[in-house]
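S.K.: Quick one: sequence plus predicted model below, questions after.
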Amino acid sequence: MSTYNLSSLWDKFLTFSTTVIDIVVIWMIILAALRIVRGKSSTMQIFKGIIFVIIVDVLAKVMNLKTLQFLTNMFINWGFLAVIIIFQPEIRTILERLGKSSFFSRMSSLSGNEKEKLVDNIVTAVRLLSADQTGALISIEKSHPLDDFIATGTRLNSDVTAELLTSIFVTSTPLHDGAVIIQGDKIACASAYFPPTTADIPSRYGSRHRAAIGISEITDAITIVVSEETGNVSIAEGGKLTTVNEQQLRKYLTHIIVGQTEENGENNDDETIIEADVHELQTKMDDTPAANEETILEAGKITAEEVIPAEQNDTTVSSSKHALQDVHEAADAAAKAASIKLPHKKKRPTPSYPKHNKSNYKQSDTSDRKQGGER
Ligand SMILES: Nc1ncnc2c1ncn2[C@@H]1O[C@H](COP(=O)(O)OP(=O)(O)OP(=O)(O)O)[C@@H](O)[C@H]1O
């Protein structure tokens with residue numbers, strides 16, 4: 001084969017490759033833009049309008065329609081400026097994401113076994129925290145680095161184990177306040193501060209849930225919240241909070257971290273968990289239904305004096321070491337039946353607490369300490 005033929009073949013190959021790269025890049029940009037505008041109906045309409053004009057322009061060129069071509073050209077030339085102005089927030093989001101994304105995120109460097117172990121440890125810890133009604137806030141870093149938030153807490157860089165996670169949130173320990181951040185298979189820090197959301201959310205959600213939603217609005221992290229008040233477990237992602245049970249949590253984390261869906265599960269509702277909003281799932285870890293919406297809506301109107309003192313309940317104070325919790329549960333049940341919402345158990349007046357046995361004193365003390373120690 002002559003040198004001329006070889007060089008012409010090489011030129012053709014180069015032209016073909018650059019055309020393919022060009023098409024792939026444009027396609028990726030369109031996909032990224034679609035992903036961002038999806039769900040925002042007004043932006044989507046404008047986006048569809050632009051695509052329509054581009055199609056008309058191509059057709060006008062193919063069919064050699066001069067006037068139509070002049071009009072679409074005018075629109076495209078000037079429309080470019082208009083698009084930058086109209087899509088300013090979206091363009092900002094794209095650029096921010098490009099800047100923040102770490103292509104080789106810590107999670108992706110873990111082996112399959114390490115990822116499964118990670119899911120297992122998190123789920124076990126959350127189960128224990130939920131059963132104990134110990135409040136917790138755990139964020140799992142995905143592609144957006146959480147270093148800025150880690151800097152607000154106490155650095156740990158320890159392996160993720162269920163034991164360590166549960167110990168961190170024990171209220172008598174110095175690190176329990178704030179959030180734990182998980183990077184890869186390490187607990188990067190505890191006691192981190194997240195900017196709370198300013199969104200209008202139901203009053204039953206306090207600062208812990210606001211912080212979880214807040215971080216999920218500005219990063220792609222998955223944040224798990226365990227409510228101290230109810231033991232409910234929720235996942236905050238993309239500005240949405242969804243209450244989940246243990247099975248749903250495991251399935252969701254497996255889907256996100258290991259990257260696969262459990263095939264044998266009868267309940268194939270990952271998408272529901274991702275898409276459902278705050279009102280939809282109200283399942284406690286043990287599948288006990290949570291308080292109903294009306295009860296919760298009353299929350300703001302209840303004063304400490306309206307708490308039903310433990311002694312007035314029919315319930316006999318249990319001699320078990322969970323006596324205080326039994327009393328709270330009985331009081332909550334009575335209040336729920338009467339369609340009222342009790343304040344958080346920490347805020348109930350002292351007469352609510354039985355003072356009969358040692359364990360009750362212990363828990364009462366912890367409760368007081370907690371109140372003093374909280375931000
Ligand atoms: N901005 C924040 N960043 C990190 N952690 C926070 C933030 N705000 C509150 N917290 C944590 O949440 C705790 C207070 O939770 P609070 O009771 O107000 O919220 P909640 O949403 O009602 O949760 P719960 O159902 O557990 O009571 C704080 O002690 C702290 O540990």
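M.R.: Thanks, I have it.

S.K.: my read: residue 50 touches residue 82, true?
M.R.: No. If you go by CB atoms under 8 Å, residue 50 and residue 82 don't touch, sitting 9.5 Å apart. Bear in mind the C-beta positions are built from the backbone N, C-alpha and C, glycine included.

S.K.: of the two, who's got more company?
M.R.: The residue with more neighbours, out of residue 50 and residue 82, is residue 50; 17 against 12, by other CB atoms under 10 Å.

S.K.: quick one: the more buried one and the ligand, what's the gap?
M.R.: Residue 50 sits 40 Å away from the ligand, going by CB to the nearest ligand atom, to the nearest Å.

S.K.: Could you grab the helix/strand/coil label for that residue?
M.R.: For residue 50, the secondary structure call by DSSP: H, G, I helix; E, B strand; the rest coil comes out as helix.

S.K.: where does residue 55 sit relative to residue 150, distance-wise?
M.R.: According to CB to CB, to the nearest Å, residue 55 stands 47 Å off from residue 150.

S.K.: Which residues are in contact with residue 68?
M.R.: Residues in contact with residue 68 (CB atoms under 8 Å, 6 or more residues apart in numbering) are 56, 60.

S.K.: Mind listing what's buried along whichever strand or helix holds it?
M.R.: Using DSSP states H and E, residue 68 sits in helix 66-86. By neighbour count on 16 or more other CB atoms under 10 Å, the buried set for helix 66-86 is 69, 72, 75, 79, 83, 86.

S.K.: tell me the secondary structure for the closest residue to the third one other than its chain neighbours?
M.R.: So the one you mean is residue 75. Using CB to CB, 6 or more residues apart in numbering and skipping residues adjacent in sequence, the residue nearest residue 75 is residue 53, 5.5 Å away. Recorded secondary structure, residue 53: helix (three-state DSSP).

S.K.: so what's residue 53 up against?
M.R.: Residues in contact with residue 53 (CB under 8 Å, 6+ apart) are 72, 75, 76, 79.

S.K.: ok, residue 107 - contacts?
M.R.: 115, 140, 141, 142, 184, 257.

S.K.: Quick check: the last one is in a helix.
M.R.: It refers to residue 257. Yes. Residue 257: assigned to a helix according to three-state DSSP.

S.K.: can you list the residues of the protein near the ligand?
M.R.: The chain has residues 135, 137, 177-179, 193-194, 196, 205-209, 211, 227-229, 344, 374-375 near the ligand, with proximity defined as CB under 6 Å from any ligand atom.

S.K.: Just the buried residues out of the residues you listed, in PyMOL syntax.
M.R.: To isolate the buried members of the residues of the chain next to the ligand in PyMOL, using 16+ other CB under 10 Å:
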select buried, resi 135+137+177+178+179+194+196+205+206+208+209+211+227+228+229
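
S.K.: Filter the residues of the chain next to the ligand down to the ones in strands?
M.R.: 137, 179 (DSSP state E).

S.K.: Let's see which of the residues of the chain next to the ligand end up in helices.
M.R.: The members of the residues of the chain next to the ligand that map onto helices under DSSP state H are 207, 208, 209, 211.

S.K.: As JSON lines, those residues with pLDDT would be great.
M.R.: Shown next, in JSON lines, are these (pLDDT from 0 to 100):
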{"residue": "207", "pLDDT": "95"}
{"residue": "208", "pLDDT": "96"}
{"residue": "209", "pLDDT": "95"}
{"residue": "211", "pLDDT": "95"}
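
S.K.: which one of those is nearest residue 92?
M.R.: residue 211 (23.7 Å; CB to CB).

S.K.: I'd like to know how many residues surround residue 195.
M.R.: Residues lying near residue 195 (other CB under 10 Å) number 13.

S.K.: Next, find the distance separating the closest residue to the ligand within the stretch 151-300 of the chain from residue 169.
M.R.: The ligand sits closest to residue 206 of the stretch 151-300 of the chain, with a gap of 2.4 Å, by CB to the nearest ligand atom. Distance, residue 206 to residue 169, using CB to CB: 16 Å.

S.K.: Need the distance between the two termini of stretch 236-244.
M.R.: 11 Å (CA to CA, to the nearest Å).

S.K.: Which residue does the stretch 51-200 of the chain have closest to the ligand?
M.R.: residue 135 (3.6 Å).

S.K.: Just the pLDDT at the closest residue to that residue other than its chain neighbours, thanks.
M.R.: Closest residue to residue 135 apart from its sequence neighbours, by CB to CB, 6+ apart: residue 228 at 3.1 Å. We have a pLDDT of 94 for residue 228.
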